[in-house]
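**Student:** would you be able to build a 3D model of this:
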Amino acid sequence: MTRVIGIASGKGGVGKTTVSTNLALALRDFGKKVLLIDCNLSTPHLAYYLGVSNYKSTLNDAMLGKVGIESTPQLKDGIKYIPASLDLKDLNGIDTMDFKKHLKKLVASDKFDYIILDSAPGLGREALAVLDAAEEVIFVTTPFVPMVNDIIRSAEVLKKLKGVKGVSVAMNMVTEGSHEIFGRSISGLTGFPISGQISYDQNVVYGLVAKSPIVNFKPNAASSVEFRKMAAGIAGVDYKAPKSYTVKRAFRKVKNKIFSRSVSMSQSNEDISDDLSIQKMK
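**Tutor:** Next comes the predicted model:
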């Protein structure tokens, strides 16, 4: 049975397409048949992220009735994908809310284990079309309060839509900084479980420049391992992270505890100093 997963975000710039492409490739690594669709018709990026410059047909062609949606999937790196057109004139005449009707034909073909929908950011018509068509939704966010607030707003919209079975949050570009909210807090604020936590990794940028998603570009990078952990959780398969990743993660935890204690001690010393200063003034 095909699972349709919408990858959404409250704002652009949080790495939604990075998550979409690498999640698709990570699912491929577990032997899953995956179709990735660029549903961001107004500002499509998926083809670039996959390193594709030439393709025979697009989602726009299907939605304009030029071709059947079943003929649009194309092969790249072991997954199928459907790009969106870069030509602005191909937006004319498209009703984005018709997308669900076309998607049903792909689901009915039963050729894919997963269909991943790379949504437009925000809550415009393109994004709403994905939220309406998806059976599951993963909100991509960076762990900062404004971004999390966008998820809470989007959740209100989801309550009005029928057919969405599961909602989760993927935290992207997670660093060890002290000004970020981490998984447990985000889950508490949004009411949604965390489906993945992807570390900030400069290799992702290097891969983007090389037009190669990180899972392909550097399979053993921390972010690649975390995308596979996320995919394993979604697919319900066992996955053991490489020993090098486990050791580095353990080292980071120890380092963070030492940092937290030093900050706490410093704060306590400041409080004591403030108290002494107040007493002297008295």
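**Student:** so where's this structure uncertain?
**Tutor:** 145, 162-164, 176-183, 247-282 (pLDDT under 70).
**Student:** in it, which spans are strands?
**Tutor:** 3-8, 34-38, 74-76, 79-82, 114-118, 136-141, 166-174, 194-199 (DSSP state E).
**Student:** tell me which strands the second one pairs with, and in which orientation.
**Tutor:** Read that as strand 34-38. Sheet pairing for strand 34-38, assigned by DSSP bridges, gives strand 79-82 (parallel), strand 114-118 (parallel).
**Student:** with mean neighbour count and distance to Gly166 added, can I get those in CSV?
**Tutor:** For the C-beta atoms, the positions are set from N, CA and C on the backbone; glycine is no exception. CSV is the format used below for the strands paired with strand 34-38 (neighbours: other Cβ atoms under 10 Å; distance: least, Cβ to Cβ, whole Å):
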stretch, mean neighbour count, distance to Gly166
strand 79-82, 24, 22
strand 114-118, 26, 13
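**Student:** any chance of the strands of the chain in TSV, with distance to Lys105 too?
**Tutor:** Output for the strands of the chain, formatted as TSV (distance: least, Cβ to Cβ, whole Å):
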stretch	distance to Lys105
strand 3-8	12
strand 34-38	12
strand 74-76	17
strand 79-82	12
strand 114-118	11
strand 136-141	19
strand 166-174	23
strand 194-199	27
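**Student:** any idea which of the strands paired with strand 34-38 gets closest to Lys104?
**Tutor:** Proximity to Lys104 (Cβ to Cβ) singles out strand 114-118 among the strands paired with strand 34-38, at 10.8 Å.
**Student:** which residue ranges make up each domain of the protein?
**Tutor:** 3-240, 242-282 (automatic domain parsing).
**Student:** any idea which of those is most buried?
**Tutor:** The highest mean neighbour count among the domains of the chain, using mean count of other Cβ atoms under 10 Å, belongs to domain 3-240: a mean of 19.
**Student:** pretty sure Asp113 contacts Arg28?
**Tutor:** No. Asp113 is not in contact with Arg28 according to Cβ atoms under 8 Å; the separation is 9.9 Å.
**Student:** before we move on, back to that, how about the strands paired with strand 34-38 in a markdown table, adding distance to Gly233?
**Tutor:** A markdown table is the format used below for these (distance: least, Cβ to Cβ, whole Å):
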| stretch | distance to Gly233 |
| --- | --- |
| strand 79-82 | 19 |
| strand 114-118 | 13 |
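**Student:** out of the ones you listed, which gets nearest to Met1?
**Tutor:** Closest among the strands paired with strand 34-38, using Cβ to Cβ: strand 114-118, at 10.4 Å.
**Student:** that closest one versus strand 3-8: what angle between them?
**Tutor:** 20 degrees (axes from the mean of the first three to the mean of the last three Cα atoms, to 10 degrees).
**Student:** now Tyr114: how far from Thr246?
**Tutor:** Distance of Tyr114 to Thr246, given as Cβ to Cβ, to the nearest Å: 27 Å.
**Student:** contacts only, for Gly166.
**Tutor:** Glu135, Glu136, Val137 (Cβ atoms under 8 Å, 6 or more residues apart in numbering).
**Student:** who does it bridge with?
**Tutor:** Beta-bridge partners, per DSSP bridges, of Gly166: Glu136.
**Student:** now do it against Ile234, distance only.
**Tutor:** 10 Å.
**Student:** now Arg153. Nearest residue, chain neighbours left out?
**Tutor:** Once flanking residues are discounted, Arg153 sits nearest to Gly10: 6.6 Å by Cβ to Cβ, 6 or more residues apart in numbering.
**Student:** please enumerate residues in contact with stretch 234-251?
**Tutor:** Against stretch 234-251 from outside (Cβ under 8 Å, 6+ apart): 5, 23, 27, 30, 32, 195, 220, 222, 225, 228-229, 231-232.
**Student:** which one among those gets closest to Val174?
**Tutor:** Ala222 (10.2 Å).
**Student:** that closest one contacts Gln202, doesn't it?
**Tutor:** No. Ala222 lies out of contact with Gln202 (Cβ under 8 Å); the separation is 10.6 Å.
**Student:** how about Pro121, what does it touch?
**Tutor:** Pro121 neighbours (Cβ under 8 Å, 6+ apart): Ala8, Ser9, Gly10, Lys11, Gly12, Gly13, Val14, Lys16, Asn40, Ala127.
**Student:** coming back round to it: from the contacts of stretch 234-251, which two are the most distant?
**Tutor:** Ile5 and Asn220 (25.3 Å).
**Student:** hey, what's Ala8 bridged with?
**Tutor:** Phe139.
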